[in-house]
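J.: for reference, the sequence and a predicted model appear below.
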Amino acid sequence: MLRRIWLTVLFAVLLTGCSSTPAVPTATPGIPGVKPVSPPVQVENFTLTGMNGSPAHLKDFEGKSVLMVFGYTHCPDICPVTLARFKQIKQLLGADADKVQFIFVSVDGNRDTPERLTEYLGLFDKDFFGLTGSEDEARAVITLFDGVFTIKDAEGLRKDYLVEHTASSFLMDAEGRWVRTYEYNTDPNIVATDMLKVISSPSATSSS
């Protein structure tokens, strides 16, 4: 299993696209792949299980911007590509990367245990943080960002099932406000440049 994960990660780094067609928002004219949230939306605090096995709350990350994505560790394409690009974005942020927490929220709590998340995210970056929980808990969180997911497990009869899920990434500022949606497959340079504007100038979060 670990060998297969490594091969998937390597494939993700080499990929420039993805075979799946994820649900994504409409891009903002002039800024490909970037959708400002205007006015910013204060995200309701929520609690899931962290990859350390302890309860984790959104408010735990106050004071940092948060770049969040929803996915699952058995994802064949979208998730490893996104996490590989998160790593690129973190590198492009330079010293300002310390002001951002990258979070991966599992929509497959039945298989994505804290231990599994720790192993999987460690293949990308040791500072990426994973959250997991029941199907209902994950659904309550993803709906805060107008996202959706569907578990294709044939009513629990399939072991190796797929999960269709919103693939966009969501940026919250240091005050816990949802300020940006980034479409799947957006150029990491574009995302990093936009994030730096949010990090350095809070007033930029209300502009389009």
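T.: Yes, it's here.

J.: list the contacts of the spatially most central residue of the chain.
T.: For the chain, the residue nearest the mean C-alpha position is Val69 (1.4 Å; Cα atoms, centre = their mean). Contact analysis of Val69 by Cβ atoms under 8 Å, 6 or more residues apart in numbering lists Cys79, Thr82, Leu83, Phe86, Ile103, Phe104, Val105, Ala167, Ser168, Ser169, Phe170. Glycine gets a C-beta too; all of them are placed from N, C-alpha and C.

J.: now swap in Gly133 and tell me
T.: Leu48, Thr49, Ser106, Gly109, Val141.

J.: now it. Nearest residue, chain neighbours left out?
T.: Leu48 (4.3 Å; Cβ to Cβ, 6 or more residues apart in numbering).

J.: now the helix or strand where that neighbour lies: how far from the chain's centre is it?
T.: Using DSSP states H and E, Leu48 falls within strand 47-50. Relative to its chain's centre, strand 47-50 lies at 15 Å (Cα atoms, centre = their mean, to the nearest Å).

J.: packing partners for that strand?
T.: In terms of contacts (3 or more Cβ pairs under 8 Å, 6 or more residues apart in numbering; DSSP states H and E), strand 47-50 is packed against strand 55-57, strand 129-132, helix 135-142.

J.: for these, give me TSV that also has mean neighbour count and distance to Gln91.
T.: Conversion of the helices and strands packed on strand 47-50 to TSV gives the following (neighbours: other Cβ atoms under 10 Å; distance: least, Cβ to Cβ, whole Å):
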stretch	mean neighbour count	distance to Gln91
strand 55-57	15	25
strand 129-132	26	18
helix 135-142	17	27
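
J.: using JSON lines, lay out the ones you listed together with mean pLDDT.
T.: Below are the helices and strands packed on strand 47-50 laid out as JSON lines (pLDDT from 0 to 100):
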{"stretch": "strand 55-57", "mean pLDDT": "97"}
{"stretch": "strand 129-132", "mean pLDDT": "98"}
{"stretch": "helix 135-142", "mean pLDDT": "97"}
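
J.: quick one: those as CSV, columns for distance to Met195 too.
T.: Listed next are these as CSV, based on distance: least, Cβ to Cβ, whole Å:
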stretch, distance to Met195
strand 55-57, 22
strand 129-132, 17
helix 135-142, 21
